[in-house]
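# model this:
(chains A and B)
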Amino acid sequence: MAVRLMRSPTLAWRKMASLAAFGRSLCPTSPRFPAPACGNHGSLLRPVRHLGSGEAAGERVLQVDNRCSDQVLDFPGGKVMFVPEMRFLPGSPNERINCYRVLDDNGQTISGSRFQEVSKEVAIKMYSDMVTLQVMDTIFYEAQRQGRISFYLTSNGEEAINVASAAALTMDDIVFPQYREPGVLLWRGFTLQEFANQCFGNMLDYGKGRQMPIHYGSSRLNYFTVSSPIATQIPHAVGAAYSLKTDGKNACTITYFGDGGTSEGDFHAALNFAAVMESPVIFFCRNNGWAISTPTEEQFRSDGAVVRGQAYGIHSIRVDGNDALAVYSAVHAAREMAVHDCRPVLVEALTYRVGHHSTSDDSTKYRSIDEIEHWKTARDPVSRFRKWVEGNGWWSEAAEVEHRSSTRKELLRAIQVAERAEKPPLSELFTDVYDQVPANLQEQEKSLRETIKKHRNDYPSDVPV
Amino acid sequence: MATTMALRSFGRRTSIAARGFSSSCETEKAAKDGKPINLFSAINQALHIALDTDPRAYVFGEDVRFGGVFRCTTGLADRFGRSRVFNTPLCEQGIVGFAIGLAAMGNRAIAEIQFADYIYPAFDQIVNEAAKFRYRSGNEFNCGGLTIRTPYGAVGHGGHYHSQSPESFFCHVPGLKVVIPRSPQQAKGLLLSCIRDPNPSIFFEPKWLYRLAVEEVPEHDYMLPLSEAEVIRQGSDITLVGWGAQLSVLEQACVEAAKEGISCELIDLRTLIPWDKETVEASVRKTGKLLISHEAPVTGGFGAEISASIAESCFLRLEAPVARICGLDTPFPLVYEQFYMPTKNKILDAIKATVNY
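Predicted coordinates:
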């Protein structure tokens, strides 16, 4: 064995030893391959019959001079080792990527777990916002069922993801949401009245009643307006992050999406761009198991999203999405890496969409009630975090009752106010298509107003004309 | 004539020889102190000016850093640095998605799509995101600093995927501006307007004219108005409307028609949406006849929109059906290019038929 030529003799010995078992016909000097960078091996290869197990008829293995295996191809991206064995990368590793967790099911910190310290004040706000989100989801869902708003979509089961990820960021960090992250906006200070105004599409809705409920947005809170198409926001976060980088800001962007979103081209485009452009962006995948009715087994065959981050050259972590402390710690660390190292980071949070996809969906048609109940009770992120907060003496049953009750009252009041508020005026139908209303829209507004005069009953009475 | 657009012979298109465009006051003013340069150089000048005058301007796309496959971005990376002028991965939806995010942060994001034929992967980002960004947020956010530059149209040998004119797809999308220049001087002024306009715009560059069209272009920073058509040749018998490279073909038809005593008024629409209906209407009220010509397939092309609009507003003044001389309803064919194209004689025949209706 010509060990003296090996860069790593130990490794080389192991490779040689395994060669007989894995070898298939391949000669590194085959004309199909570029000439090796080190070419001092001469013509030392000779074909021999391979007699090992698993051999297919007609296949040969070449007895290889050891010096071949340290031949290196200097190729764009770095040096690539030549090896004589033909071994395909497996489609998936034997073991799935493990999942970072801090709190066990009982809300106790797992011994040896490393996590970011959370102050009493932050912990209480995190917990109370998670509860507020639950109350908000319950009441808005009911409001939709009563026909008071046209549509709603809950975040049940993903409260920890929503609130803990938001808590780990600063207000200068910019959010490009999908639509199941209203808790991020709540954390940042969007009021229950502001949520209600949007869901009712009244004149106080920043979106001027143009989008369906839950399409929130706020420039004050650096939260880009939700749009319904899946994954389209992901590349925006990369472009915005690039801007933060060139401006030298101490901030990053974060973009949220689900497991289904990782199948869209925009996800792949964004990850690749972010890696190449070295943009400070956090890709936050809420892997909740279901894209409407499509389970992840029918969505992808990779080990979730986390391995795809790595494939694009992005630091990635898998985290227990129902563990608020783990989500908080992972996003906190991801933010540090994004901002200080100017690089993208991917966080895949494993969770479960406890609610239906939206008010237009009945998920019991495609998944078992037992499964839903299991996640709703045994794996509930809110009660798990409550145990930890209570264990620290920072929360109590009395505080719980008071917070739920006052939130409920405040929200019911907000809904009444939002419901009574006027709709945005007709003129807003034509503004904001462009920065100025162009001639064709002026003409169309004039024409529409004449039609309204003639057929007032054709049009909703609550929109001021 | 202050501006003369000389067309050098180009491949099989030797029939389209040197010719001049009539000029409006506006272009005459702009032409002072101009040097004759071709269209890609005019685009390049505009990009230099855009980057120089706004530190928040960025230019990027596939192969942009070395100067671009059509040389439009030559010298930009050296002058302004690789953080402002850079290559992107080969992914159109990524380019436009990235550009929207960059523009939404208050930057001028000037994105190149290497050929208009390859813009379709970015269609969702353009239509559902860029175009609706301001409206859907109630003006909380906008991506008005976005300009997508892309070469379009026939080039003599481009076949299906290097020849398309996809402008009409984008003319169906409220929130976008679609602009197509006919010449170097127009290209520079209109591109700077698109870049500085507070709305997302798509700027289709007639690649056939990149090297072929040479015109005096002022070296200074100037802009030409969007949503304003330009009457580039006055006439009384028929109105001809077109945009981009087709203007030179229409111009030839005007010259030929004049020999037969037909006086054509030629309008360069320049901005397709929101378009300048007023100028076209005023002309048709004068001439009573309208012909529209574009390279894109006739069915569903933007000519149909102009035709319908003018039929609505000038019905009683029209003396003949509106004529459309456009591309055929086939994919853009390689060896049949000349058959497919709305050529001078097709236009001339239609002018005569319309005038003699």
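
# so which strand or helix has residue B:231?
strand B:230-233 (DSSP states H and E).

# could you check how far residue A:262 is from residue A:205?
For residue A:262, the distance to residue A:205 (CB to CB, to the nearest Å) stands at 31 Å. For the C-beta atoms, the positions are set from N, CA and C on the backbone; glycine is no exception.

# no wait, residue B:295
Separation of residue B:295 from residue A:205 (CB to CB): 44 Å.

# equivalent analysis for residue A:289, please.
The spacing between residue A:289 and residue A:205, counted by CB to CB, is 32 Å.

# and residue B:250, by the same measure?
Distance, residue B:250 to residue A:205, by CB to CB: 48 Å.

# burial count for residue A:247?
By the criterion of other CB atoms under 10 Å in any protein chain shown, residue A:247 has 12 neighbours.

# residues contacting it?
Counting by CB atoms under 8 Å, 6 or more residues apart in numbering or on different chains, residue A:247 touches no other residue.

# now the residue of the stretch 151-300 of chain B found nearest chain A: closest residue in space that isn't a chain neighbour?
Distances between the stretch 151-300 of chain B and chain A by CB to the nearest CB are smallest at residue B:274, namely 3.8 Å. Counting by CB to CB, 6 or more residues apart in numbering or on different chains, residue A:438 is the residue found nearest to residue B:274 once chain neighbours are left out, at 3.8 Å.

# show the pLDDT at that neighbour.
For residue A:438, the model assigns a pLDDT of 97.

# just the element for residue A:74, please.
Taking DSSP H and E as the definition, one finds residue A:74 inside strand A:72-75.

# just residue B:265 next, same as before
Assessed by DSSP H and E, residue B:265 sits inside strand B:264-268.

# picking that back up, how many residues are close by the residue of the stretch 151-300 of chain B closest to chain A?
Around residue B:274 there are 22 other residues, counting by other CB under 10 Å.

# isn't it up against residue A:434?
Yes: the criterion here is CB atoms under 8 Å, and residue B:274 meets it with residue A:434 at 7.3 Å.

# how about the residues of the stretch 301-450 of chain A by chain B?
Listed as neighbours of chain B in the stretch 301-450 of chain A under the rule CB under 8 Å from any CB of the partner chain: A:428, A:431-435, A:438-441.

# show me the strands in the stretch 301-450 of chain A, by range?
Secondary structure of the stretch 301-450 of chain A by DSSP state E, counting those that start in this stretch: the strands cover A:315-320, A:345-350.

# could I get those as CSV with mean pLDDT and distance to residue B:331?
Below are the strands of the stretch 301-450 of chain A laid out as CSV (pLDDT from 0 to 100; distance: least, CB to CB, whole Å):
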stretch, mean pLDDT, distance to residue B:331
strand A:315-320, 98, 42
strand A:345-350, 98, 40
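
# single out the most deeply packed of the ones you listed.
Greatest average neighbour count among the strands of the stretch 301-450 of chain A goes to strand A:345-350 (a mean of 27), per mean count of other CB atoms under 10 Å in any protein chain shown.

# helices or strands up against it?
With contacts taken as 3 or more CB pairs under 8 Å, 6 or more residues apart in numbering or on different chains; DSSP states H and E, strand A:345-350 sits against helix A:159-167, strand A:281-287, helix A:306-311, strand A:315-320, helix A:324-341.

# for the fourth one, packing partners?
In terms of contacts (3+ CB pairs under 8 Å, 6+ apart), strand A:315-320 is packed against helix A:306-311, helix A:324-341, strand A:345-350.

# does stretch B:97-116 come close to chain A?
Yes: counting by CB under 8 Å from any CB, chain A is contacted by stretch B:97-116 at B:97-107, B:109.

# can you show me the CA trace of stretch B:292-305 as CSV?
Extracted in CSV, the C-alpha atoms of stretch B:292-305 (Å, rounded to 0.1, in the frame of the first residue of the first chain):
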residue,chain,number,x,y,z
ILE,B,292,-52.5,48.7,-35.5
SER,B,293,-49.4,46.6,-35.9
HIS,B,294,-47.4,44.4,-33.5
GLU,B,295,-45.2,41.4,-33.7
ALA,B,296,-47.1,39.4,-31.1
PRO,B,297,-49.9,37.0,-32.3
VAL,B,298,-52.9,38.9,-33.4
THR,B,299,-55.4,37.1,-31.2
GLY,B,300,-55.5,38.7,-27.8
GLY,B,301,-52.7,41.0,-28.6
PHE,B,302,-52.7,44.6,-27.3
GLY,B,303,-53.9,45.7,-30.7
ALA,B,304,-57.2,44.1,-29.9
GLU,B,305,-57.6,46.4,-26.8
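
# good, we can wrap up now.
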